[in-house]
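Colleague: Build me a structure from this.
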Amino acid sequence: MTPRQRVQAVYEGRTPDRVPLMLDLSHWYKKNHDVFFDLTGFKEVEQDLVDLHRKVGAVVYIETGSHFDIYYEDESVTSKAWTDDHGVFHQELTTPLGTVREERVFSTKSYSYNIRKRMIENIRDMAVIAYAMTSRRCRPRYERYRAWQQAAGELGFIYSALGYSGFGFLISRYMGVENTIMAVYDHPDEVRQFVDTVNESNLRVLDEIRDEPFDVLLVGDNHDSNVQTEELFNRYTREYYSDLVRAMHDRGKYVAAHVDGEMRGFLSRLSGCGVDCIDACTPAPMFSLTAQQAREEAGPDLILSGGIPATVFGNHGTDEEFVETVKRWLDIRHHSPRLILAAGDQVPTDAPFHRIAMLSQLIDEYGRY
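Modeller: Numbers count the residues shown, from 1 in each chain. As a prediction, the model looks like this:
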């Protein structure tokens, strides 16, 4: 089987010849190849990144830029994003209700953009964004998708990303955990209205793109059960995910949810919504669940994609710990073939290249069916 056929088999509920290998090498590539980190994403195929995936035998699946352009039907709404000469990323949204801004400062140490100013600092800011969301639309640009898929060939299984849900928009990025939880109790009606407005906007975008050529829709909420409790999930997120899943399954397509945090509790919640795959599964020692415990909570039908914590993949782990972690993840293939080996989110920038390169060999030795 080809790498793409292996991933396809996992999504279709069939057993491949070996566990597929998928990697998000984008951060590692930018850091180690001295490529500018543009938060707005790639605008065209980054051939050197594709070649890196080919060198290590890993499927390309995310970080391929946006496959659609967002615009606003209301001409009074304007949106722009840029990175200044000091490495500060700015995002600005203006409506008749006012202007909101986000600022993120690039850190060479962590190789990430740390948030200096959040876009939503009070309820008035929330109203500015909600106003814009009511006229938010998209233009599909699937020539970008096709270009990446053609460049990757049988190493390409490109996901298309929808972005944050309404509650994820607040808690994971633009308002932050503490301020969001305070708003939930101090301004419940406004939070409810905002979440519904964002979710309705996302579903309108989905109507425009769901007939395009991608197989998997990625919802990038960065879930963590230590932050979003079951009660909050049921109140703000469950119905939205169920709607997304129905819309995609009606087209014979799939939904992957980006967890990237403590997955204990979230596996069963998302499975209950019909989600097909959990992306960025990060087991112990970085989070609480072992690989075996993750499979037990997920059940046999939910695809688990991940398995290698950054703390083990990077310089803080030894080669022996790295190999044992990979083997434990591959071992759960005996309980269900709904399994993909990947990083727990991105391959960390300090991961030694020889560890990346040995993954295909480890699967060949320990991940065959």
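Colleague: Enumerate the positions of stretch 305-317 that are buried.
Modeller: 305-314, 317 (16 or more other CB atoms under 10 Å). All C-beta atoms are positioned from the backbone trio N, CA, C, and that covers glycine.
Colleague: Please read the previous query as pertaining to stretch 240-256.
Modeller: Across stretch 240-256, burial judged by 16+ other CB under 10 Å covers 240-241, 243-245, 247-248, 253-256.
Colleague: Stretch 199-219 too?
Modeller: Buried-residue list, stretch 199-219, by 16+ other CB under 10 Å: 199, 201-202, 205-206, 209-210, 212, 214-219.
Colleague: Let's see which of the buried residues of stretch 305-317 end up in helices.
Modeller: 310-313 (DSSP state H).
Colleague: can you redo these as TSV with distance to residue 366 and pLDDT?
Modeller: As requested, these are exported to TSV (distance: CB to CB, whole Å; pLDDT from 0 to 100):
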residue	distance to residue 366	pLDDT
310	21	95
311	21	95
312	16	97
313	17	97
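Colleague: Which of these sits closest to residue 341?
Modeller: residue 313 (11.7 Å; CB to CB).
Colleague: My understanding was that the closest one contacts residue 345; is that so?
Modeller: No - between residue 313 and residue 345 there is no contact under CB atoms under 8 Å: 9.9 Å.
Colleague: Turn the buried residues of stretch 199-219 into a markdown table, columns for secondary structure, distance to residue 123 and pLDDT.
Modeller: Converted to a markdown table, the buried residues of stretch 199-219 look like this (DSSP: H, G, I helix; E, B strand; the rest coil; distance: CB to CB, whole Å; pLDDT from 0 to 100):
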| residue | secondary structure | distance to residue 123 | pLDDT |
| --- | --- | --- | --- |
| 199 | helix | 18 | 98 |
| 201 | helix | 19 | 97 |
| 202 | helix | 21 | 97 |
| 205 | helix | 25 | 96 |
| 206 | helix | 28 | 96 |
| 209 | helix | 31 | 94 |
| 210 | coil | 33 | 90 |
| 212 | coil | 36 | 90 |
| 214 | coil | 36 | 96 |
| 215 | coil | 40 | 97 |
| 216 | strand | 36 | 98 |
| 217 | strand | 31 | 97 |
| 218 | strand | 30 | 97 |
| 219 | strand | 26 | 95 |
